[in-house]
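Asker: Let me see the structure of the following:
(2 chains, ligands or ions: 4)
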Amino acid sequence: MLDAKHGGATVASVRDLKVHFQSKRGVVHAVDGVSFDIRDGETLGLVGETGCGKSVTGRSFLRLLPVPPGILAGGSVMFSAHEVCTGCEGTGCETCEGTGRKAGQDRSVNLLGIPSEDMRRIRGDRIAMIFQDPGKALNPTLPVGAQIAEVFLQHRTDELIALAGLPADTVGAVRRFASQSPRLGDGWLLSLPGARAQRRRVEEALATMVAGALAETQVPNPAKLMARYPHELSGGMRQRVMIAQALACNPDLLIADEPTTALDVTVEARILELIRNLQQRRKTSVLYISHDLSLVRRISDRVAVMYAGRIVEIGTTTEVFANPRHPYTRGLMAAVPGADTPRGRLAAIRGTVPELVDPPAACRFCGRCPYETSACRNNDPFLEAITPSHLVACFIDHPAPSGERPNYGRVTA
Amino acid sequence: MHLRDYILRRLMVLPVLVIGVSIVVFTLTRVGGSPIGIYLSHEMTPDEVAEIEARFNLDKPVWVQYIYWIRGIAMGDFGWSGVAAAPVADVFPLKLAATMELAFASGLVALFLGIALGTYAGARRNRLPDHVTRIVAVSGASLPQFWFGILLLIIFWAEIGIAPIGRSDATIFASIAHPTGLYTVDAILAGSPSAFWDAIWHLVLPSVTLGYGATAIIARMMRSALVEELQQDYVDAARAKGLAERIVLKRHARRNALVPTVTVIGLTFGFLLQGTITVEIIFRWPGLGRWMADSVLRGDQATLMTYVLFTSVLFLVVNLIVDLVYANLDRRVTLGK
Ligand SMILES: Nc1ncnc2c1ncn2[C@@H]1O[C@H](COP(=O)(O)OP(=O)(O)OP(=O)(O)O)[C@@H](O)[C@H]1O
Ligand code: SF4
Ligand SMILES: [Mg+2]
Ligand SMILES: [Zn+2]
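Answerer: Ligands and ions are numbered 1, 2, ... in the order given. Predicted coordinates:
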């Protein structure tokens, strides 16, 4: 089915996802029937112009959409978390290539349908997210260490208690402290002599775990960094903190929503390398959202091109870049300066993204497409395979139910 | 700059400000009329008036008079209150305690209620609780205090008859010692539940009247600040970590929303102090406010000058505290810049 044919297990598959927004002018179909798979350990690049629905798609995995005005209008996001490798009990062996995990297919859940408590357990643990602007995604009034610590408190309470040298059956205020679920009066309970010592040990264990997470991102002197506030750090440092926080629990899937857009180019290169490194070492799948085509080409295994709430082309990076089939993909590529592009010859796609209020049953690219014909205006193309791993939604490669078929030989506009 | 250095510096500037304030107070009062007006009557001859003026050093140059005033204050002599028929310095602490008790009671209630209401409304934006809070808050900010106070008085004192008036029941009040002058605290120190309840019971109506407006202001501020914070990326980032909505709200959004709210709380303090005058008159509360109202009407300048000087200093101190709390909440604030 769809693009799942190509080898490797899928960690997540999105089917016919529809997210709409109530607005004054009507219902905006921000994401309108998106389907794709993310495989184990791969990086899937999601590209498209601004406003085409990339962020909304990414946020759907974590159900981080403002509802209202957002409406989950349909579809599903199936997610199957990895299981601990039976060969090595998670310590890493040859069968699991040292990751200590194996792909589990049977326990997949629909992220859009599960109760919010279950969603909460997945967030930050199995699926993590990095945001565009690390300056805004970190709380300005908390030290960065305390912010990373929250992930462990939320998802690693047992490990914390073990690391603190406390009995596994520790209960009461100390456990509540180690799971960040304080009750009224806990502050007082924890100040009692016995509890205070235990609390101190939990805090020390927490600091160790946080410093470990930060060390993974190659920051100098992690222990010192923990006490800093976000405004005291550079943009690159902040994004490292975000990455440390996102990867703290070794998630199966990382949603990276333009994580380097706010950074300058040299810092961008280092952050990309860091993400790539960590990802390969831990076999984490990444959905990498960007509008930068050349960047996506460098880091992705596969690429999905999004336009006006739809995926119009998806395939392996090699295929898509060697043989772009959708006129929009070609337009995007022409807009990227290459080594052989003469200066000042950047071809931008004419026109702008259409209003997504009640779109008609036609190709969304109508009005901007140079090859548009009557078939395009009267029918809505859907993703179909041209090779087992390369799908495209355009009547140039697929027969149209009615009207004159477009082709690359004839420019109509 | 270090917090301690900053406090020291601010404290060092304080005397300069106080002297400035004292000059303003002195000048304005002197423009307002003769300080001995309260002792004069129509039958007095010019000679008699001149004699009284000489007795109070009013025949000396103005700046000398100012020096005398300041010297008196430095030695604890704030002058004679014609209204209280006693030295200002003797009466002031008692009246101050009564007013402070009232202001603190309503201030505390306004603070907690305002923040709680604002958080509640802000977290449920555009839903029913938000609308209800808005109505309560807007009416609170616009109802005149004298009207609201009298309304409460009519309902609970005159009609239903369950609420008392004044500050205390005279016999219960006399039954305990008053080391602090704060009736509630004295009652606790004396270990007398009946006195404590008497104190609280008398506080309810005046502090509701006084605190309603401040609650409204704080709640509105808190609500809009929280709504703003909840739209920030870090809130979504906190949710993306798997935090419970309760933690996202309390630990992340509310804490940041408190930063702008604290500034308003500082201003609200002035609002409260101003309100004590009306409220004390309505509820016959024996505090500074009522004393001041009488003093204004009868030209009791020594009392007025002390009051204005005192409230100005109080304001300076409250502002310092607000700045410190502010800096403590928001680490991006660099002190002393
Ligand atoms: N909170 C919201 N309220 C209303 N409409 C929204 C909201 N968020 C997104 N949308 C709608 O969804 C569309 C897609 O938004 P999205 O943020 O996913 O775009 P994007 O592809 O990530 O763009 P960019 O490259 O600018 O980040 C927008 O054009 C907008 O109409
Ligand atoms: S279907 Fe028609 S309009 Fe749409 S992209 Fe293909 S050629 Fe262009
Ligand atoms: Mg976006
Ligand atoms: Zn293994």
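Asker: How about the contacts made by the residue in the stretch 251-400 of chain A that ligand 1 sits nearest to?
Answerer: Of the stretch 251-400 of chain A, the residue with the smallest distance to ligand 1, taken as C-beta to the nearest ligand atom, is A:His291 at 5.1 Å. In this view, the C-beta of every residue, glycine as well, is placed from N, C-alpha and C. By C-beta atoms under 8 Å, 6 or more residues apart in numbering or on different chains, the residues touching A:His291 are A:47-50, A:54, A:258.
Asker: Around ligand 1, pick out the residues from the stretch 1-150 of chain A.
Answerer: A:21, A:23, A:28, A:30, A:48, A:50-56, A:66, A:69 (C-beta under 6 Å from any ligand atom).
Asker: Could you pull out the buried residues of the helix or strand hosting B:Thr27?
Answerer: B:Thr27 belongs to helix B:3-32 when elements are defined using DSSP states H and E. Of the residues in helix B:3-32, those buried by neighbour count under the rule 16 or more other C-beta atoms under 10 Å in any protein chain shown are B:6, B:10, B:21-22, B:25-26, B:29-30.
Asker: go on, stretch A:292-306?
Answerer: Neighbour counts over stretch A:292-306 (16+ other C-beta under 10 Å) mark A:293, A:295-297, A:299-306 as buried.
Asker: Only alpha carbons, please: show that stretch as CSV.
Answerer: This file holds the C-alpha atoms of stretch A:292-306, laid out as CSV (Å, rounded to 0.1, in the frame of the first residue of the first chain):
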residue,chain,number,x,y,z
ASP,A,292,15.2,24.5,2.0
LEU,A,293,15.4,22.0,-0.8
SER,A,294,19.2,21.7,-1.0
LEU,A,295,19.4,21.1,2.8
VAL,A,296,16.8,18.4,2.6
ARG,A,297,18.7,16.8,-0.3
ARG,A,298,21.8,16.6,1.9
ILE,A,299,20.3,15.0,4.9
SER,A,300,17.2,13.0,3.9
ASP,A,301,16.8,9.4,2.8
ARG,A,302,13.5,10.2,1.3
VAL,A,303,11.7,13.4,0.4
ALA,A,304,8.0,14.4,0.5
VAL,A,305,7.0,17.5,-1.4
MET,A,306,4.0,19.3,0.0
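Asker: and that stretch, how far from the chain's centre?
Answerer: Distance, stretch centre to chain centre, for stretch A:292-306: 13 Å (C-alpha atoms, centre = their mean, to the nearest Å).
Asker: for stretch B:83-101, same thing?
Answerer: The chain centre lies 15 Å from the centre of stretch B:83-101; the measure is C-alpha atoms, centre = their mean.
Asker: Dump the C-alpha coordinates for that stretch into CSV.
Answerer: Output of stretch B:83-101 as CSV, limited to C-alpha atoms (Å, rounded to 0.1, in the frame of the first residue of the first chain):
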residue,chain,number,x,y,z
VAL,B,83,-8.1,66.6,65.7
ALA,B,84,-6.8,63.8,68.0
ALA,B,85,-5.9,66.3,70.7
ALA,B,86,-2.7,64.5,71.2
PRO,B,87,0.9,64.4,69.7
VAL,B,88,0.8,63.0,66.2
ALA,B,89,3.6,60.6,67.2
ASP,B,90,1.5,59.0,69.9
VAL,B,91,-1.7,58.5,67.9
PHE,B,92,-0.1,57.6,64.6
PRO,B,93,1.1,54.0,65.3
LEU,B,94,-2.3,53.0,66.6
LYS,B,95,-4.2,54.4,63.6
LEU,B,96,-1.5,53.0,61.3
ALA,B,97,-1.9,49.5,62.7
ALA,B,98,-5.7,49.6,62.2
THR,B,99,-5.2,50.8,58.6
MET,B,100,-2.5,48.3,57.8
GLU,B,101,-4.6,45.5,59.1
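Asker: Run through the residues that contact A:Thr261.
Answerer: Taking C-beta under 8 Å, 6+ apart as the definition of contact, the neighbours of A:Thr261 are A:132-133, A:290, A:292.
Asker: Go again with 10 Å.
Answerer: With contacts defined as C-beta atoms under 10 Å, 6 or more residues apart in numbering or on different chains, A:Thr261 is in contact with A:132-133, A:268, A:289-292, A:295.
Asker: Of these, which pair is most distant in space?
Answerer: With distances taken as C-beta to C-beta, the most widely separated pair in these is A:Asp133 and A:Leu295, at 16.9 Å.
Asker: now the angle from the strand or helix carrying B:Val322 to helix B:3-32?
Answerer: Following DSSP H and E, one finds B:Val322 within helix B:301-329. Our comparison of helix B:301-329 with helix B:3-32, counting by axes from the mean of the first three to the mean of the last three C-alpha atoms, to 10 degrees, yields an angle of 150 degrees.
Asker: What is the neighbour count of B:Ile135?
Answerer: The number of residues packed near B:Ile135 is 9, by other C-beta atoms under 10 Å in any protein chain shown.
Asker: where along the stretch 51-200 of chain A do the strands fall?
Answerer: Residue ranges of the strands in the stretch 51-200 of chain A, as given by DSSP state E, counting those that start in this stretch, are A:70-79, A:83-84, A:101-102, A:109-110, A:127-130.
Asker: would you turn those into JSON lines with mean pLDDT and mean neighbour count?
Answerer: Formatted as JSON lines, the strands of the stretch 51-200 of chain A follow (pLDDT from 0 to 100; neighbours: other C-beta atoms under 10 Å in any protein chain shown):
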{"stretch": "strand A:70-79", "mean pLDDT": "87", "mean neighbour count": "18"}
{"stretch": "strand A:83-84", "mean pLDDT": "69", "mean neighbour count": "14"}
{"stretch": "strand A:101-102", "mean pLDDT": "64", "mean neighbour count": "20"}
{"stretch": "strand A:109-110", "mean pLDDT": "86", "mean neighbour count": "14"}
{"stretch": "strand A:127-130", "mean pLDDT": "92", "mean neighbour count": "28"}
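Asker: Select, out of the ones you listed, the one closest to ligand 4.
Answerer: For the strands of the stretch 51-200 of chain A, distance to ligand 4 was read as C-beta to the ion. The smallest value, 7.2 Å, belongs to strand A:101-102.
Asker: Only the buried residues of stretch B:144-160, if you could.
Answerer: Across stretch B:144-160, burial judged by 16+ other C-beta under 10 Å covers B:145, B:148-150, B:152-153, B:156.
Asker: Select from those every entry located in helices.
Answerer: Residues from those lying in helices, with DSSP state H as the criterion: B:145, B:148-150, B:152.
Asker: Name the nearest of these relative to ligand 2.
Answerer: Of those, the one sitting nearest to ligand 2 (C-beta to the nearest ligand atom) turns out to be B:Phe148, at 67.0 Å.
Asker: On the three-state scheme, the residue nearest to B:His252 when sequence neighbours are not counted is what?
Answerer: Using C-beta to C-beta, 6 or more residues apart in numbering or on different chains and skipping the chain neighbours, the partner closest in space to B:His252 is B:Ala238 (4.8 Å). On the three-state scheme (DSSP: H, G, I helix; E, B strand; the rest coil), B:Ala238 is labelled helix.
Asker: burial count for B:Ala238?
Answerer: Other residues close to B:Ala238 by other C-beta under 10 Å number 27.
Asker: Regarding A:Gly409, which helix or strand does it belong to?
Answerer: Secondary structure assigned from DSSP H and E places A:Gly409 in neither a helix nor a strand.
Asker: With A:Ile311 instead?
Answerer: The secondary structure element spanning A:Ile311 is strand A:310-316 (assigned by DSSP H and E).
Asker: what's the following helix or strand after that strand?
Answerer: Scanning onward from strand A:310-316 (DSSP H and E), the first element met is helix A:317-322.
Asker: Buried ones in that following helix, by neighbour count?
Answerer: Of the residues in helix A:317-322, those buried by neighbour count under the rule 16+ other C-beta under 10 Å are A:317, A:319-321.
Asker: Which helix or strand lies directly C-terminal to that helix?
Answerer: Past helix A:317-322, further along toward the C-terminus, the next helix or strand under DSSP H and E is helix A:327-334.
Asker: Go through the helix or strand following that next one and flag the buried ones.
Answerer: Per DSSP H and E, the first helix or strand lying C-terminal to helix A:327-334 is helix A:374-378. Neighbour-count burial for helix A:374-378, counted by 16+ other C-beta under 10 Å, picks out A:375-376, A:378.
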